[in-house]
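In: Here is a sequence with its predicted model. Questions after.
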Amino acid sequence: MRHALLWLCVAAPLVSQEPAAGSGSAARTGAVLDAYYLGSGHAFDHLVERTVPVGVSHRFGSRVTVDLSSAYAHASAATRSGNLEVSGTTDTDVRLNWAAATGHMVVSLVGTLPTGKKAVDSSAVPLLSALATEVFNFTTPSFGTGGGVTGGFASAFKLGERWAAGFGGSYRWHASYTPVVAGGKLEPGGEGRVRLGAEGPLGGGAYFRGAAVYATSGADTLVAGSKSVTGGRLLLYSALSLPAGQSAVSLYVYDRYRLRPGGSDPATVRVPRGNVLALGARLERPLSPAVSVAPNVEFRHELAAPDSGGLTLLGWLLRPGLDIRYRAGGAVTFLIQGQAAFGRLANPGAVEPSVSIVGSRAVLLVEWAR
């Protein structure tokens, strides 16, 4: 779920307050507002989503950690034919991490509880499709599924004196559910992932992290036995941290390529090839022991190949922003994030082949940890 990724991306610096050994607890909540306005000529005039993520975690000794994350979200849109709206809680992830061999092997088990909106009215389908658009990168792109279980592991080892490498794998099983009211049942295929990564210093205070992830999934079985298949996905990620006086500069690249699935059965729907690329930079600067600021910028674009031809641009977005982190006391930390967004979105079949995007994101998170 995207709200779980939110904790990893913007609240990760807060988690460092948790003790490295012994017991410890943390609770997190806040509010996120995503809003985008599209130029005239597009089917959507604007898209707005409000999310309230909730997360708790507890460490049992030095080996076992249990996390729970969920959210409440409300999304709305104005279209040429009227307003669309969907709201409700999302699915709940319960994660158990066990350090089977301290410093070498971590085993994880995630249960996704179907607490979200498993079925929506058919009139809300266009809104959910817009929320899933990668260019926008909405905090909550999906409101619910039938639940599932994920099992995985990760291991690490030294490369020389200062570098380290790691590898891991996971498999996710999805339960069947009915996504549209009065529609047919969907039986999602299972998904497997493998991951390789490495990190270490480059000299001069620079530090590098890189990873490659490959994911493949089985066919989704739809109404009357029809199937939908998605090709393998290859994700490459790299980040470079550089000292800059009292500040630190971080540069990153995220590139995910979706392959075209094989097969020739005309009754099978094949998700087209695609690519999502994101480039970002961040400057972290402490203003005092309690306050730090981080101006940042990200460029994101999405490509797709709806037919057998080459990839075409679906849209791009530039996001400048500012993060402010404030440690109010020994146990409470606030994170305030503001971003603007400017870009273009493809508009097939219209007089204008693309329309402008203007948007913003506002985040307020609070974490209590002991």
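Out: Noted; the coordinates are in hand. Numbering: from 1, shown residues only.
In: Quick one: name whatever helix or strand follows the lowest-mean-pLDDT helix or strand in the chain.
Out: The weakest-scoring helix or strand in the chain, judged by mean pLDDT, DSSP states H and E, is helix 12-15 (a mean of 34). Per DSSP states H and E, the first helix or strand lying C-terminal to helix 12-15 is strand 24-38.
In: and that next one, what's its mean pLDDT?
Out: What strand 24-38 shows for mean pLDDT is 96.
In: again, but for stretch 210-223
Out: Rounded mean pLDDT across stretch 210-223 is 92.
In: give the contact list for the closest residue to Ser87 other than its chain neighbours.
Out: Leaving aside its chain neighbours, Ser87 sits nearest to His74 (3.9 Å; criterion: CB to CB, 6 or more residues apart in numbering). Heads up, the C-betas are built off the backbone N, CA and C, glycines and all. Residues near His74 by CB atoms under 8 Å, 6 or more residues apart in numbering: 49-50, 85-87.
In: Is His74 in a helix, a strand, or coil?
Out: Here His74 is recorded as strand under DSSP: H, G, I helix; E, B strand; the rest coil.
In: With Ala124 instead?
Out: Following three-state DSSP, the label given to Ala124 is helix.
In: Of all the residues in the helix or strand that contains Glu199, which ones are buried?
Out: For Glu199, the host element (DSSP H and E) is strand 191-203. For strand 191-203, the neighbour count (16 or more other CB atoms under 10 Å) marks 191, 193, 195, 197-200 as buried.
In: what is the rounded mean pLDDT of it?
Out: Mean per-residue pLDDT for strand 191-203: 96.
In: Tell me the bridge partners for Val52.
Out: Tyr72 (DSSP bridges).
In: so it makes contact with Ser70?
Out: No: look at Val52 against Ser70 with CB atoms under 8 Å: they stay out of range, at 9.6 Å.
In: quick revisit: arrange the buried residues of strand 191-203 in CSV, one row each, with distance to Arg300 as further columns.
Out: Listed next are those as CSV, based on distance: CB to CB, whole Å:
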residue, distance to Arg300
Glu191, 23
Arg193, 22
Arg195, 22
Gly197, 22
Ala198, 25
Glu199, 24
Gly200, 28
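In: now, among these, which is nearest to Arg270?
Out: Taking CB to CB as the measure, Arg270 lies nearest Glu191 of the buried residues of strand 191-203, at 16.8 Å.
In: how close does the residue nearest to that closest one when sequence neighbours are not counted get to Arg258?
Out: In this structure, Glu191 finds its nearest non-sequential neighbour in Ser217, 4.0 Å apart by CB to CB, 6+ apart. From Ser217 across to Arg258, the span is 11 Å (CB to CB, to the nearest Å).
In: And Arg172, by the same measure?
Out: The value you get for Arg172 to Arg258, if CB to CB is used, is 17 Å.
In: can you check Gly197 too?
Out: Here Gly197 is placed at a distance of 21 Å from Arg258 (CB to CB).
In: can you check Ser226 too?
Out: 21 Å.
In: So for these two, which residue has more residues nearby?
Out: Taking other CB atoms under 10 Å, Ser226 and Arg258 do not tie; Arg258 has more neighbours (21 against 14).
In: wait, the more buried one sits on Asn275?
Out: Yes: counting by CB under 8 Å, Asn275 is a contact partner of Arg258 at 7.0 Å.
In: in stretch 60-76, what's buried?
Out: 65, 67-73, 75.
In: can I get those residues in CSV with distance to Ala244 and pLDDT?
Out: Below are the buried residues of stretch 60-76 laid out as CSV (distance: CB to CB, whole Å; pLDDT from 0 to 100):
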residue, distance to Ala244, pLDDT
Thr65, 33, 95
Asp67, 33, 96
Leu68, 37, 97
Ser69, 33, 96
Ser70, 38, 96
Ala71, 35, 96
Tyr72, 39, 97
Ala73, 37, 96
Ala75, 39, 96
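In: which residues in the stretch 101-250 of the chain form helices?
Out: Taking DSSP state H, counting those that start in this stretch, the helices of the stretch 101-250 of the chain run over residues 125-131.
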